[in-house]
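[1] 3D model of this:
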Amino acid sequence: MSSIALDAALADIDTVFNGFASPTETGCGRCHLPEETAYLRTPYTRVPADVLRMYVFEVPDHFDDHAAAMRRLLPQAAHAMADGTLDSVGWGAHGLVRVDWRAWPAQQGAAIDAFVKAWWREVLATPEPPYPVADVFETCAAVARTVTPFLDVWGRGPVADSHLVACADTWLYDLLSDYSPFAWWDNDGEDAGVAGLRAWLSGEGAARLRDLAEHDLALRAELLTVPYEERFDRLD
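    Just a heads-up that it's a prediction; the model follows:
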């Protein structure tokens, strides 16, 4: 996937995080081979795709400096997220979810924020993106610790509407049972994110689903405002 905004965001990531490394990284001696850990200590070297995926989704306590490792991996990881080659999207908690990147220098935080927003907009405009749209939404929202900017830019049109229908069907399965639809949101913003998604989906989302003649989905979305014990009776 490529667009002017996404290309610019990736170029900024490349520039801002160019040359980063985790110089004293020893990694996990049980899980990581010495030659794999060496990539984290060495800037300006391309990381093999399988090693990149492993480290991007690795738990923080397997690093001496998880934040430094993520800075080292970010340029290559961002490109892989955009082009669909970071296969684990949707199957694990992304490393950016587990670091406090907003506390990093302003230029670094701004580059990450711009990237996830540009990636999400590009996914919404792509008929068949490389990852399920709900997985990209969760990744972006978990990284940003908010659903708001990603719901706010969900425009109308055949492609975006098709993605809305698919995501609503996926999310409502859990939301109607008062469960979180997010499998890998691994920080303290999840509860607010779930609440924000419920509010949007039961209001604007439901109205848009009715406009699309998705009446069953619209009804299910509207039932999110009804007490739990009454919801399923109304579906009969």
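[2] domains in the protein, by residue range?
    Listed by automatic domain parsing, the domain ranges of the chain are 1-115, 145-236.
[3] can you lay out these as a markdown table showing distance to residue 131, mean pLDDT and mean neighbour count?
    For the C-beta atoms, the positions are set from N, CA and C on the backbone; glycine is no exception. Listed next are the domains of the chain as a markdown table, based on distance: least, Cβ to Cβ, whole Å; pLDDT from 0 to 100; neighbours: other Cβ atoms under 10 Å:
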| stretch | distance to residue 131 | mean pLDDT | mean neighbour count |
| --- | --- | --- | --- |
| domain 1-115 | 5 | 95 | 17 |
| domain 145-236 | 12 | 94 | 16 |
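[4] minimum distance to residue 125: which of these has it?
    Residue 125 lies closest, by Cβ to Cβ, to one member of the domains of the chain: domain 145-236, at 6.0 Å.
[5] re earlier: make TSV out of the domains of the chain and add distance to residue 124.
    Formatted as TSV, the domains of the chain follow (distance: least, Cβ to Cβ, whole Å):
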stretch	distance to residue 124
domain 1-115	11
domain 145-236	5
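[6] right, and those - which one's nearest residue 122?
    Comparing these by Cβ to Cβ, domain 1-115 comes nearest, at 4.7 Å.
[7] how about residue 109, secondary structure?
    For residue 109, the assignment made with DSSP: H, G, I helix; E, B strand; the rest coil gives helix.
[8] contacting residues for the spatially most central residue of the chain?
    Residue closest to the average C-alpha location in the chain (Cα atoms, centre = their mean): residue 139, at 1.3 Å. Contacts for residue 139 were tallied using Cβ atoms under 8 Å, 6 or more residues apart in numbering; they are 81, 89, 90, 94, 97, 116, 184.
[9] okay, and which of those residues map to helices?
    81, 116 (DSSP state H).
[10] output the contacts of residue 139 as a markdown table; include the columns distance to residue 71.
    Converted to a markdown table, the contacts of residue 139 look like this (distance: Cβ to Cβ, whole Å):
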| residue | distance to residue 71 |
| --- | --- |
| 81 | 16 |
| 89 | 19 |
| 90 | 23 |
| 94 | 14 |
| 97 | 15 |
| 116 | 16 |
| 184 | 21 |
